[in-house]
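A.B. asks: no sequence for this one, just the structure:
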């Protein structure tokens, strides 16, 4: 795929080009990240509660439902 960006803000190009990577990271974090801590004595639930809060605050639920 070839894409051309026209902008006065070079950071905008970086953000747009990394959007798919960010989506994949969020999906992996929400759906699989907790598994590493699932069978330990570490209580991961407060961290996951905050992650889910932030996802809701930024209206990113659709990224975790794929």
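C.D. replies: Arrived safely. The structure presented is a predicted model; accordingly, all values stated were derived computationally and were not measured. Residues are numbered from 1 along each chain as shown.
A.B. asks: helices or strands up against the helix ranked longest in the chain?
C.D. replies: Longest helix in the chain, counting residues (DSSP state H): helix 10-32. Applying 3 or more CB pairs under 8 Å, 6 or more residues apart in numbering; DSSP states H and E, we find helix 10-32 packed against helix 45-57, helix 61-64. Placement of C-beta: from N, CA and C, glycine included.
A.B. asks: Using JSON lines, please lay out those together with mean neighbour count, mean pLDDT and distance to residue 20.
C.D. replies: Shown next, in JSON lines, are these (neighbours: other CB atoms under 10 Å; pLDDT from 0 to 100; distance: least, CB to CB, whole Å):
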{"stretch": "helix 45-57", "mean neighbour count": "12", "mean pLDDT": "88", "distance to residue 20": "17"}
{"stretch": "helix 61-64", "mean neighbour count": "13", "mean pLDDT": "70", "distance to residue 20": "11"}
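A.B. asks: Ok, which of those helices comes nearest residue 15?
C.D. replies: Residue 15 sits nearest to helix 61-64 of all those, at 15.0 Å, using CB to CB.
A.B. asks: Which pLDDT value belongs to the closest residue to residue 37 other than its chain neighbours?
C.D. replies: Spatial nearest neighbour of residue 37, chain neighbours left out: residue 44 (4.0 Å); criterion: CB to CB, 6 or more residues apart in numbering. Model confidence at residue 44, expressed as pLDDT, equals 81.
A.B. asks: quick one, phi/psi of the residue of the chain positioned farthest from its centre?
C.D. replies: Here the chain reaches farthest from its C-alpha mean at residue 8, the gap being 26.2 Å by CA atoms, centre = their mean. The phi/psi pair for residue 8 (degrees, to the nearest 10) reads phi -90, psi -10.
A.B. asks: got the contact list for it?
C.D. replies: By CB atoms under 8 Å, 6 or more residues apart in numbering, residue 8 lies in contact with nothing.
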